[in-house]
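[1] Give the three-dimensional model of this entry:
(one chain, ligands or ions: 1)
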Amino acid sequence: MKNFSYVRPATLEDAFRALGGEGRRDVLAGGTTMVDLLKIGVVAPDALVDITGIEALDGHEVGSERIRFGALARMSDVGDDETLSAACPALTNRPELFAIERARPFKDKRIVERAEG
Ligand SMILES: Cc1cc2nc3c(=O)[nH]c(=O)nc-3n(C[C@H](O)[C@H](O)[C@H](O)COP(=O)(O)OP(=O)(O)OC[C@H]3O[C@@H](n4cnc5c(N)ncnc54)[C@H](O)[C@@H]3O)c2cc1C
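    I've put the predicted structure just below:
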């Protein structure tokens, strides 16, 4: 694996600054996919910007007209939210649509994994 630097900014501004530097820079969230890609050399960044310390990206909010998912919203939190389930049952009543059920044997993955796409 190629050596790379690692930064864990606390704000979006610092994250954008870190991502704007020289060379290839990639975002690291839960690492579910990224760590595997690093190990097999599919991605070889010069710097990895870990966004898990950025509070503003966490969680989700259910409003009267819209639902907002932060980039760090955890599938497990989304799946367990009764308010969200009442507002939009399709998002929580079909756990097989998420990685939650399939990842259950790997309990740690359930904690870190975030929705893709
Ligand atoms: C065993 C297993 C089962 C899986 N099952 C499913 C499944 O059922 N459904 C499904 O949809 N996916 C599934 N995935 C894929 C995985 O859930 C997604 O890749 C998810 O995005 C990983 O989240 P993470 O937070 O760990 O991201 P990471 O692994 O940290 O990052 C994944 C990629 O997204 C980029 N990235 C992450 N966050 C951001 C951001 N905020 N802005 C810009 N780029 C970002 C990273 O640079 C990287 O390229 C599975 C993966 C594994 C290993």
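[2] Map the structural domains onto the sequence of this structure.
    Using automatic domain parsing, the domain ranges for the chain come out as 5-55, 58-112.
[3] Could you dump those into a markdown table and include mean neighbour count?
    C-betas here are computed from N, CA, C, even on glycine. Putting those into a markdown table (neighbours: other Cβ atoms under 10 Å) gives the following:
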| stretch | mean neighbour count |
| --- | --- |
| domain 5-55 | 15 |
| domain 58-112 | 14 |
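[4] Can you classify Ala10 by secondary structure?
    Following DSSP: H, G, I helix; E, B strand; the rest coil, Ala10 is assigned to coil.
[5] Show the contacting residues for it.
    53-55 (Cβ atoms under 8 Å, 6 or more residues apart in numbering).
[6] which one among those residues gets closest to the ligand?
    Closest approach between those and the ligand, by Cβ to the nearest ligand atom: Ile54, at 9.0 Å.
[7] Look up how far Ala87 lies from the closest one.
    Shown here: Ile54 relative to Ala87, a distance of 26 Å by Cβ to Cβ, to the nearest Å.
[8] Equivalent analysis for Leu72, please.
    From Leu72 over to Ala87 (counting by Cβ to Cβ), the distance is 21 Å.
[9] now Asn3
    In terms of Cβ to Cβ, Asn3 sits 46 Å off from Ala87.
[10] What of Phe16?
    32 Å.
[11] try Ser76
    Counting by Cβ to Cβ, the gap from Ser76 to Ala87 is 18 Å.
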